[in-house]
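Engineer: Okay, sequence plus prediction incoming.
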Amino acid sequence: MNLIPGQYHELETICNTLIDDEARCVTFISLYGGEGSSTACISVAQRLKSQNKSVLVIDLNPISSFRLDKQLPTLTKLWRFDDISCQLSVMPYQGIEVLTIHNLESIDSAKNKHVLNEAVLRLKQEYDYVLLDMSPALKLNRNNVPLHSLSLCSELTLVTIALGINNEESLCQGVAELKQAGHSNIKLLVSQHSFAPLGERMLLLLQRHSPKWPRLCAFLTSKINKQKWLFKHY
């Protein structure tokens with residue numbers, strides 16, 4: 001997992017948002033996965049720790065669990081949200097503390113929003129911040145923690161989006177589902193930019209117009225293909 005460098009201004013902005021919103025329990029969620037939600041979550045956790053804050057990250061993403069990282073130690077004990085086992089099953093990970101869904105005994109203990117809220121309230125007695133790395137909002141999986149389960153405990157929901165990957169339609173759908181599930185304080189976090197090189201986008205535009213202006217588009221296509229710098233990622 002590549003972390004965001006600590007000196008990045010965006011991390012300071014996110015941490016200030018947490019302070020301004022008085023949000024001690026924060027949900028990080030993407031739309032489809034791969035938009036950098038886990039990276040943002042861990043990076044913010046490390047930034048908060050550098051400010052002498054105690055932080056717990058709860059990994060609730062069965063699609064891309066923290067157990068895939070070899071640095072995460074193995075744990076034989078299982079934990080639940082409805083008893084003290086969640087406090088006893090915290091593990092160190094890259095300088096912070098983590099509860100991973102890989103060791104969650106039953107997803108049923110997380111489906112009741114009151115149970116989850118009570119668990120977070122207990123954890124807030126030990127930690128300044130509880131960060132929840134959630135499964136993608138628009139990917140269905142029977143092992144997902146339901147979106148509505150977090151509606152009581154989550155004081156801020158950060159939706160990570162990737163420009164060039166996520167479109168406006170999917171973003172509106174994801175935000176609508178979060179609102180329907182009871183999430184009221186939702187903010188967008190642009191986690192990455194993934195645009196195709198300018199040359200590729202220009203060629204696609206010419207292909208759409210080639211039936212109307214075939215000779216002009218053919219001429220411009222030839223010129224663009226000769227400019228190799230237009231096809232490099234920056």
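Structural biologist: Arrived safely, thanks for sending.
Engineer: can you tell me which residue is nearest the centre of this structure?
Structural biologist: Ser37 (1.9 Å; Cα atoms, centre = their mean).
Engineer: what's that one in contact with, if anything?
Structural biologist: Listed by Cβ atoms under 8 Å, 6 or more residues apart in numbering, the contact partners of Ser37 are Phe28, Ile29, Ser30, Asn61, Asp133, Met134, Pro136, Thr160, Ser191. In short, each C-beta sits where N, CA and C put it, glycine included.
Engineer: Just give the number of residues close to the residue nearest to Glu200 when sequence neighbours are not counted.
Structural biologist: Leaving out its chain neighbours, the residue that sits closest to Glu200 by Cβ to Cβ, 6 or more residues apart in numbering is Phe231, at 6.5 Å. For Phe231, the count of nearby residues is 15 (other Cβ atoms under 10 Å).
Engineer: Asn141 too?
Structural biologist: Around Asn141 there are 11 residues (other Cβ under 10 Å).
Engineer: picking that back up, for the contacts of Ser37, give me CSV that also has secondary structure and pLDDT.
Structural biologist: CSV is the format used below for the contacts of Ser37 (DSSP: H, G, I helix; E, B strand; the rest coil; pLDDT from 0 to 100):
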residue, secondary structure, pLDDT
Phe28, strand, 94
Ile29, strand, 92
Ser30, strand, 89
Asn61, coil, 87
Asp133, strand, 93
Met134, strand, 91
Pro136, coil, 87
Thr160, strand, 89
Ser191, strand, 71
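Engineer: Of all the residues in the worst-scoring helix or strand of the chain on mean pLDDT, which ones are buried?
Structural biologist: Every helix and strand in the chain was compared by mean pLDDT, DSSP states H and E; the lowest is strand 186-193, with a mean of 78. If you call a residue buried by 16 or more other Cβ atoms under 10 Å, then strand 186-193 has these buried ones: Ile186, Leu189, Ser191.
Engineer: correct me, but Leu131 touches Ile58?
Structural biologist: Yes - with contact defined as Cβ atoms under 8 Å, Leu131 counts as touching Ile58 (7.2 Å).
Engineer: more neighbours, these two?
Structural biologist: Legend: neighbour count by other Cβ under 10 Å for Leu131 and Ile58, higher for Ile58 (28 against 25).
Engineer: And Lys53, how close does it get to Ser149?
Structural biologist: 25 Å (Cβ to Cβ, to the nearest Å).
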